[in-house]
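Participant: next input, structure requested:
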Amino acid sequence: MPVFASIIAFNAGELSPKMLSRSDVSQYSKGCRKLENFIVTPYGSVEKRPGLEFVSETKYPDKNCRLIPFVFSRDIAYVCEFGDRYIRFFRNGVIVTGAEVSAPYTEQQLDDIKFIQSADIMTVVHPEHPVMELKRTAEFVFILEEKHFEYPPVLEQNIDDDFTITPSAREGNITLTASKDCFESGNIGGFFQLVHTRKENDIEKDFTADGVTDSLEVRGFWSFSSHGTWTGTLVIQRSFDNGSTWNDFRTYSSAKDNNVSTDGTEELENVLYRVQMKDYSQSDTGTLKLCRVKLVNPDFQMTGIVKITAVTDSRHASGTVTKKIGEAVATNEWNEGAWSNRRGFPRTISFFEERMVFGGTKYRPQTVWASKTGDWDNFLLGEKADDGLEFSMASDTVNTICWMCQHEALVIGTVDSEWTLAASDSNSALTPTNFKVRRQSVYGSAGIPARMVGDTLLFVQQGKRKVREFVYSYEKNGYVAPDMTILADHVSESGIKETALQQLPDSILWCVRNDGTVAALTYERDQQVVGWHRHTTQGKFVSVCVIPSPEVNQVWFIVERNGRKFVEVMAPRAENDFFVDCGKTFSGSAVEELAGLEYLEGMTVSILADGAIQNDRKVLDGKVFLDYPAENIIVGLAYDSLVSPMPIEIETQNGSSMLRKKSVGSLKLRVYNSVGGQVRCGEDCWQTVISRDVLDDTMDSGVIPKSEVVTLNMLSGSSDEIAIEVKHDLPLPFNLSAISATYEVNE
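Facilitator: Prediction:
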């Protein structure tokens with residue numbers, strides 16, 4: 001007796017071959033044994049992957065390169081081609097002429113670059129280079145320069161009272177002299193922090209006429225007082241440019257009846273104070289017939305910063321003062337900069353609660369540095385709520401930081417575990433005295449940035465074979481990290497090299513594998529959709545990035561074809577009309593010859609002309625000839641798409657059909673917006689899914705995609721396991737939403 005079975009969804013994606021007998025698992029009925037060049041949708045259907053439009057050959061086609069997004073807004077976004085010591089830019093599908101900048105990164109270093117962006121500035125880190133800023137200064141103008149730090153991160157303070165460093169001056173280009181061996185050539189480009197305590201100083205003056213006092217450098221607490229019997233106006237003035245200009249700060253008036261006693265706190269640095277007397281007139285009464293003023297600034301510390309420019313020997317170095325030094329005298333309160341060629345540079349970066357956060361160097365692999373709140377150039381440590389902070393994770397192994405990502409807490413991925421950094425009190429902000437670091441899982445992370453999807457993180461585990469979901473568990477009262485590849489362990493078999501997240505029209509994590517295949521994960525956790533799909537092309541995928549556009553996200557790739565690398569962008573899924581790779585679109589008056597295909601020289605291309613398929617042609621001298629003249633033409637490399645659902649296993653009166661002889665009598669396929677396609681069961685011959693009518697079959701007439709249910713009679717013999725396969729190899733759309741089969745199960 002025939003038995004009917006249906007597959008109404010494919011959104012569990014491609015499952016591992018190890019799952020072929022696990023029909024008891026809920027994902028089995030929605031899974032596929034093969035899913036290549038089809039995209040899993042949240043609705044359960046699969047859609048043929050759109051083609052890739054050719055944008056440009058890379059600058060050095062035989063060298064490694066990488067794509068990185070530069071996103072100012074949803075409407076203004078660029079794709080950056082990072083290559084061997086250069087960066088090029090693309091916008092609106094074309095290269096930005098004249099915008100290329102030089103960069104310090106070699107082709108071997110590109111994979112270790114990490115970055116964050118705020119408005120027009122992208123901050124870029126690499127463990128072997130100083131922190132850089134890529135700035136957009138005009139619509140098509142970029143510069144790359146080393147990041148300026150008002151106060152850079154530093155190592156622990158010297159604790160040897162006899163170990164001093166003496167600056168030759170407070171400002172400008174100076175020399176530093178150490179009392180013990182201190183400097184190495186690797187310190188060049190790095191910083192030293194010198195702390196001096198400035199003793200109490202004051203200015204005192206008797207005014208008997210209009211005038212001003214000398215100036216006084218003020219920092220921290222200050223007090224001011226006046227005495228005598230006088231008439232006039234006293235003005236406390238401040239200068240922020242070393243006395244070139246003065247601004248009135250506080251004003252006090254007297255008519256023989258008033259004196260001043262006040263104080264304040266100066267938060268800024270390098271500020272000069274003075275007192276001015278205006279409209280003075282002599283008093284004829286009182287014991288002190290004048291105005292005596294006194295401005296006092298008690299002891300305070302000045303923190304100077306020197307950037308090392310040369311090292312003479314282990315005790316002598318030259319440098320440029322970037323933050324004014326307190327005194328040109330020896331001090332034993334000094335710190336070496338945390339980052340330099342000697343100590344290494346941070347390998348990762350993030351934002352968290354208005355702080356810029358760096359993590360992990362060669363010398364301090366487990367250390368995190370966070371800036372002052374809202375002041376991303378200032379890493380000066382302190383106890384105030386908005387001061388910079390630093391901590392090292394306590395671990396029984398060297399636990400190198402691989403990535404950081406802001407969430408409700410700052411999530412930190414290290415080589416052997418995942419951590420969170422947050423305020424000790426969840427209702428308060430992160431401060432130097434209010435933070436806690438907690439280990440959440442012990443899977444370990446690869447050096448690939450985590451991706452934020454809704455309220456969940458997806459990260460690549462060490463070994464680069466597993467993608468894990470980092471999500472809060474109320475049962476645990478902490479975070480858990482379930483394996484997203486547990487049912488599809490084969491999809492990452494060569495290791496994941498790079499990832500990018502597309503959020504529109506659907507959430508898809510695109511993962512470039514080391515073998516040049518792309519493994520993509522459609523991830524809609526709210527809809528319980530977690531489905532993998534693989535993508536191949538005539539060549540190897542090298543890099544991927546995603547940028548926004550007004551309606552959808554654009555997915556960009558670097559693809560290596562015949563030893564040359566190309567920048568290509570995936571056609572929008574909604575347009576449903578571009579299904580070739582490395583392709584171009586031509587439009588205009590009718591032509592029979594197409595030029596401009598030199599980049600595909602010697603390769604065979606598919607041609608869609610005015611909506612109709614013409615014969616494949618080989619590109620010679622950058623040209624192809626058409627069978628018939630056409631006005632709107634798409635030319636590119638063909639690719640095959642294949643979907644094969646898991647074997648249909650059903651319950652009969654005598655138990656499960658698994659491993660029992662069975663045959664398929666007929667198939668029904670529900671397709672939408674589709675043309676062509678072929679299907680078979682087992683070793684059957686391929687049968688066409690959607691036949692075009694006679695008019696459609698002519699090469700000069702466009703085809704119209706159809707949405708319908710197709711019934712096909714199959715001729716498969718009996719077998720223990722019958723594979724249903726649907727493939728598509730035309731430069732046209734094909735979308736599958738359901739399969740129904742009529743089975744005969746042998747008793």
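Participant: got the CA positions of stretch 392-402 in CSV?
Facilitator: Presented in CSV, the C-alpha positions along stretch 392-402 are these (Å, rounded to 0.1, in the frame of the first residue of the first chain):
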residue,chain,number,x,y,z
SER,A,392,44.5,41.3,34.4
MET,A,393,42.3,38.1,34.5
ALA,A,394,43.3,35.6,37.1
SER,A,395,43.9,32.3,35.4
ASP,A,396,46.0,29.2,36.1
THR,A,397,47.3,29.3,32.5
VAL,A,398,48.5,32.1,30.1
ASN,A,399,45.1,33.0,28.9
THR,A,400,45.7,35.3,25.8
ILE,A,401,42.8,37.6,25.0
CYS,A,402,41.4,36.9,21.5
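Participant: for stretch 708-715, what is the average pLDDT?
Facilitator: For stretch 708-715, mean pLDDT is 87.
Participant: can you mark which positions in it are buried?
Facilitator: 710, 712, 714 (16 or more other CB atoms under 10 Å). From N, CA and C alone the C-beta is placed, and that goes for glycine too.
Participant: and for stretch 422-438?
Facilitator: 422, 430, 431, 432, 435, 437.
Participant: what does stretch 579-587 give?
Facilitator: 579, 580, 581, 582, 583, 584, 585, 586.
Participant: again with stretch 661-681
Facilitator: Quick answer for stretch 661-681 (16+ other CB under 10 Å): 662-664, 667, 669-671, 674-681.
Participant: if we can go back for a sec, in strands, which of the buried residues of stretch 422-438 appear?
Facilitator: Residues of the buried residues of stretch 422-438 located in strands (DSSP state E): 422, 437.
Participant: turn the buried residues of stretch 422-438 into a markdown table, including distance to residue 193 and pLDDT.
Facilitator: Formatted as a markdown table, those follow (distance: CB to CB, whole Å; pLDDT from 0 to 100):
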| residue | distance to residue 193 | pLDDT |
| --- | --- | --- |
| 422 | 28 | 92 |
| 430 | 23 | 91 |
| 431 | 22 | 92 |
| 432 | 17 | 92 |
| 435 | 23 | 91 |
| 437 | 25 | 92 |
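Participant: closest to residue 328 out of the buried residues of stretch 422-438?
Facilitator: Closest approach to residue 328 among the buried residues of stretch 422-438 (CB to CB): residue 432, at 30.8 Å.
Participant: so the closest one makes contact with residue 379?
Facilitator: No - applying CB atoms under 8 Å, one finds residue 432 not in contact with residue 379, separated by 11.6 Å.
Participant: which ones are touching residue 581?
Facilitator: 51, 52, 537, 538, 559, 568, 636, 637, 638, 639 (CB atoms under 8 Å, 6 or more residues apart in numbering).
Participant: for it, give me the pLDDT.
Facilitator: Looking at residue 581, its pLDDT reads 98.
Participant: find residues that contact each of residue 432 and residue 379.
Facilitator: Residues touching both residue 432 and residue 379 by CB under 8 Å, 6+ apart: residue 388.
Participant: let me know the secondary structure of residue 490.
Facilitator: helix (DSSP: H, G, I helix; E, B strand; the rest coil).
Participant: just give the closest residue to it, not the sequence neighbours.
Facilitator: Distances taken as CB to CB, 6 or more residues apart in numbering put residue 16 closest to residue 490, at 5.3 Å, once the chain neighbours are dropped.
Participant: what distance do you get for that neighbour to residue 495?
Facilitator: 16 Å (CB to CB, to the nearest Å).
Participant: and the contacts of residue 581, which is closest to residue 402?
Facilitator: Nearest member of these to residue 402, counting by CB to CB, is residue 559, at 27.0 Å.
Participant: follow-up on the earlier one: now the buried residues of stretch 422-438 as TSV including distance to residue 520?
Facilitator: What follows is the buried residues of stretch 422-438, written out as TSV (distance: CB to CB, whole Å):
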residue	distance to residue 520
422	32
430	35
431	41
432	42
435	37
437	34
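Participant: nearest to residue 63 among the buried residues of stretch 422-438?
Facilitator: residue 437 (40.4 Å).
Participant: that closest one pairs with what?
Facilitator: Note on residue 437: beta-bridge partners residue 421, judged by DSSP bridges.
Participant: pretty sure it contacts residue 418?
Facilitator: No - assessed by CB under 8 Å, residue 437 is found out of contact with residue 418, at 11.6 Å.
Participant: picking up where we left off before, please flag which of the buried residues of stretch 579-587 sit within strands.
Facilitator: Counting by DSSP E, the buried residues of stretch 579-587 contribute 581, 582, 583, 584, 585, 586 to strands.
Participant: which of those sits closest to residue 736?
Facilitator: residue 581 (20.7 Å).
Participant: name the surrounding residues that touch stretch 302-313.
Facilitator: 149-152, 167, 170, 173-174, 176, 183-185, 187-198, 219, 269, 317-327, 340, 380.
Participant: from the residues you listed, which land in strands?
Facilitator: Among those, the members falling in strands (DSSP E) are 167, 173-174, 176, 191-198, 219, 269, 317-323.
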